[in-house]
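Asks: Pasting the sequence and the predicted coordinates here, then a few questions.
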Amino acid sequence: MSVGDFLTLATLALAIAIVTPFLGRYIHRVMEGERVFLSPVLRPVERAVYRVCGVDETAEMAWKGYAVAVLSMAFVAILAGYVVFRLQDVLPLNQGGIPPMTPDLAFNTSVSFETNTNWQNYSGETGATYLTQAGVLAVRNFTSAATGLAVAVALMRGLTRRSTKTLGNYWVDLTRGVLYILLPISVIGALVLVWQGVPQTWEPSQTVTTLQGAQQTIALGPIASQEWIKELGNNGGGFMNANSSHPFENPTSLTNWLEIFALLVCSFSLTYTFGRYAGNQRQGWTIFAAMALILVVGAAGAMHVESVGNPLLPAGIDQSLGNMEGKETRFGSAVGALFMAATTGTSTGAINAWHDSMQPIAGLVPLFNMQLGEITPGGIGAGMYGMLVIGAILAVFIAGLMVGRTPEYLGKKVEAFEIKMAMLTALVLGASILGFTALASVLPEGTAGPLNVGPHGFSEILYAYSSQTGNNGSAFAGLTGNTPFYNVTGGLAMLIGRYGMIVPILALSGSMAAKRRVAPSLGTFPTTGVLWTVLLIGVVIIVGALTFFPALSLGPIVEQLLQNAGVVVQP
């Protein structure tokens, strides 16, 4: 790993640490309806939205009402998206005679963008029209991200409010998340991308003559406006099939750095927002530290492995630049691995290098990031509610067992119902990932998908369902996913991974909100400091390892062992 690669990692870490308090405080003020510097401009717009939609912003919801609102929004959005995808050939702004999506692909794509997964079984520039890209997919990038943010804020309220039955108003939280947070930052980010060379146009694709005299079609479109929210909202779906490795999505080293920063900044900032809700900023910084340590260790390990190169290549081949298979020369092998770790540590799924070409042990990093529930730091909102439930609630339960008393978190007792909801949240991930992977590994429709055989082929299947259940959207790229089997099962995995977590988390939030605070005592386990951070990391990793280690052993681990022995699995 070169000095430049290390500086890329170090400057990103420094920038995130600096911005987190400012953005985290701003998010808290926005979500609680306090006046911010954008209020004179956006408050009239916000009120107009409520009037048009018939929303009473003063009326709050209990957890069941909040969950019904989230699910109703999802159902309507998925159905509307499906209709547009099926009719995109006859709708306006079809830049090149693009046909409609098949029923199974339309189902998969509509579910994908509503669940913040953005898994793409189609080629962006040839499978979706400008109307589809801008009117459906880009809009979903905002609303699905704001939904994750809203649920996280509802959980924070549930954990910190006293003796109440309400968690806020989903429609208000959704509106504020889009208007005050995602939209303004995305406008600025898109303009920066345009400055750096990312197209933003309604012109159709251009046919040009290359220097060799051949004819080539250059795809264009409103790319910049979708690119920034794709990263900021932890969406990941690329306008182009090559995603952020394409020079029209990510042209320079500066845009690459900014895109990694964008996909991390909101999720980390929510830790500070949590500290504001808890009334103790150390609570937020402790969560920040746990998330950051897991992410940095995985990123640094993958960067090192990729910078060393492929040991199976002959000694005479120059590998001074590392393992450059599937990498962009303008970014390099190590930075490609850094992007990979960041995009799977969040639920973004954007790529600037092909994960399928990574060394086996480096490919283990994105798999494990997704199988942890993408909570390091995870998607906007989703990472925070995942860490608080899978990490913090289970950690205080284990700590309570150690001292033989009812566990407490933020002054509230964590009892049987909360543990059941937390375990349900954790088990949903394993059941979906491992269940669908097992099904695809034995059925002819599933085994026809992988490009490779042996452990790498198994990894391609495991990665697909880890990505879709984890609402990530990246792929190993060696899997033929646009088939009825993978479109339908993948769509189901995305629904389970999103709403199978959100509903029990909201139930836990409602239960915790109704509890009274108890005074701390000698048996109360402190949830700040180094010991708590270590316990939090340990619980997260152990839960993930115990669930997924057997599957990982059949994939990247055994592939790495075979590579160390000089064995190449032949088709």
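Replies: Ah, there it is. What you see is a predicted model, and the numbers here were worked out from it, not measured in a lab.
Asks: quick one: buried residues of stretch 187-197?
Replies: Gly189, Ala190, Leu193, Val194, Gln196 (16 or more other Cβ atoms under 10 Å). To be clear about C-beta, it is placed using only N, CA and C from the backbone, and glycine gets the same treatment.
Asks: What's the separation between Ala190 and Met240?
Replies: Taking Cβ to Cβ, to the nearest Å as the measure, Ala190 falls 16 Å from Met240.
Asks: Look at the residue of the chain most remote from its centre and tell me its secondary structure.
Replies: Residue farthest from the centre of the chain, counting by Cα atoms, centre = their mean, is Gly213 at 42.2 Å. When classified by DSSP: H, G, I helix; E, B strand; the rest coil, Gly213 comes out as coil.
Asks: Show me where the stretch 151-300 of the chain has its helices.
Replies: Per DSSP state H, counting those that start in this stretch, the stretch 151-300 of the chain carries helices over the ranges 170-176, 183-196, 224-232, 253-278, 281-308.
Asks: which of the ones you listed is buried the deepest?
Replies: Comparing the helices of the stretch 151-300 of the chain by mean neighbour count (mean count of other Cβ atoms under 10 Å), helix 224-232 ranks first with a mean of 27.
Asks: Just want the angle from that helix to helix 183-196.
Replies: 120 degrees (axes from the mean of the first three to the mean of the last three Cα atoms, to 10 degrees).
Asks: name the element the spatially most central residue of the chain belongs to?
Replies: By Cα atoms, centre = their mean, the mean C-alpha position of the chain lies nearest to Ser347, the distance being 0.9 Å. Under the criterion DSSP states H and E, no helix or strand holds Ser347.
Asks: Pro455: which of the helices of the stretch 151-300 of the chain is closest?
Replies: helix 281-308 (16.8 Å; Cβ to Cβ).
Asks: From the contact counts, what lies against the closest one?
Replies: Applying 3 or more Cβ pairs under 8 Å, 6 or more residues apart in numbering; DSSP states H and E, we find helix 281-308 packed against helix 3-31, helix 253-278, helix 333-345, helix 360-371, helix 530-552.
Asks: angle of it against helix 530-552?
Replies: Inter-element angle recorded for helix 281-308 and helix 530-552: 40 degrees (by the same axes, to 10 degrees).
Asks: Val308 reaches Ser320, doesn't it?
Replies: No - using Cβ atoms under 8 Å as the test, Val308 is too far from Ser320 to be in contact (10.6 Å).
Asks: Would you mind finding the most buried of the helices and strands packed on helix 281-308?
Replies: Ranked by mean neighbours (mean count of other Cβ under 10 Å), the helices and strands packed on helix 281-308 are led by helix 333-345, with a mean of 29.
Asks: Look at Gln206 and say how many residues are nearby.
Replies: Residue neighbour count, defined by other Cβ atoms under 10 Å, stands at 10 for Gln206.
Asks: Just list whatever residues bridge to it.
Replies: Beta-bridge partners for Gln206, by DSSP bridges, are Ile218.
Asks: Verify the stated contact: it with Gly221.
Replies: No - taking contacts as Cβ under 8 Å, Gln206 lies outside contact range of Gly221: 11.1 Å.
Asks: can you tell me which residues contact the closest residue to Met370 other than its chain neighbours?
Replies: Ranked by Cβ to Cβ, 6 or more residues apart in numbering and with sequence neighbours excluded, the top spatial neighbour of Met370 is Gly470, at 3.9 Å. Residues in contact with Gly470 (Cβ atoms under 8 Å, 6 or more residues apart in numbering) are Ser347, Met370, Gln371, Gly373, Glu374, Leu429, Ile433, Gly497.
Asks: now do 10 Å
Replies: 117, 344, 347, 349, 366-367, 369-375, 378-379, 382, 386, 429, 432-433, 493-494, 497-498, 501 (Cβ atoms under 10 Å, 6 or more residues apart in numbering).
Asks: One more: Leu506?
Replies: For Leu506, the contacting residues are 61-68, 70, 151, 154-155, 158, 167, 170, 385, 421, by Cβ under 10 Å, 6+ apart.
Asks: can you do 6 Å?
Replies: Counting by Cβ atoms under 6 Å, 6 or more residues apart in numbering, Leu506 makes contact with Trp63, Tyr66, Ala67.
Asks: now swap in Val488 and tell me
Replies: By Cβ under 6 Å, 6+ apart, Val488 lies in contact with Asp104.
Asks: repeat for Val396
Replies: Pro407, Tyr409, Val414.
Asks: what kind of secondary structure is it in?
Replies: Val396 - assigned by three-state DSSP - is helix.
Asks: That one and Phe239, how far apart?
Replies: From Val396 to Phe239 the distance is 43 Å (Cβ to Cβ).
Asks: repeat for Arg330
Replies: 19 Å.
Asks: How many residues are close by the residue nearest to Thr329 when sequence neighbours are not counted?
Replies: Leaving aside its sequence neighbours, Thr329 sits nearest to Leu321 (Cβ to Cβ, 6+ apart; 7.9 Å). Per other Cβ under 10 Å, the neighbour tally for Leu321 reads 15.
Asks: Repeat that for Asp318.
Replies: Using other Cβ under 10 Å, Asp318 has 8 neighbouring residues.
Asks: does it sit in a helix, a strand or a coil?
Replies: Here Asp318 is coil, with the state taken from three-state DSSP.
Asks: May I have the phi/psi pair for it?
Replies: Torsion angles at Asp318 (phi, psi; degrees, to the nearest 10) stand at phi -70, psi 120.
Asks: Check Tyr409 too.
Replies: phi -140, psi 120.
Asks: Identify the bridge partners of it.
Replies: Judged by DSSP bridges, the bridge partners of Tyr409 are Lys412.
Asks: give me the number of residues near it?
Replies: Counted with other Cβ under 10 Å, the neighbours of Tyr409 add up to 23.
Asks: before we move on, what about the one 4 residues further on?
Replies: Other residues lying near Lys413 total 17 when counted by other Cβ under 10 Å.
Asks: how far away is it from Gly490?
Replies: To Gly490, Lys413 is 40 Å away according to Cβ to Cβ.
Asks: which ones are touching Pro99?
Replies: Shown in contact with Pro99 (Cβ under 6 Å, 6+ apart): Asp89.
Asks: SS state for it?
Replies: Under three-state DSSP, Pro99 falls in the coil class.
Asks: can you tell me how far it sits from Thr447?
Replies: For Pro99, the distance to Thr447 - Cβ to Cβ - is 28 Å.
Asks: again with Arg51
Replies: 55 Å.
Asks: just Ile287 next, same as before
Replies: On the measure of Cβ to Cβ, Ile287 and Thr447 end up 41 Å apart.
Asks: And for Leu554?
Replies: Relative to Thr447, and taking Cβ to Cβ, Leu554 is found at 14 Å.
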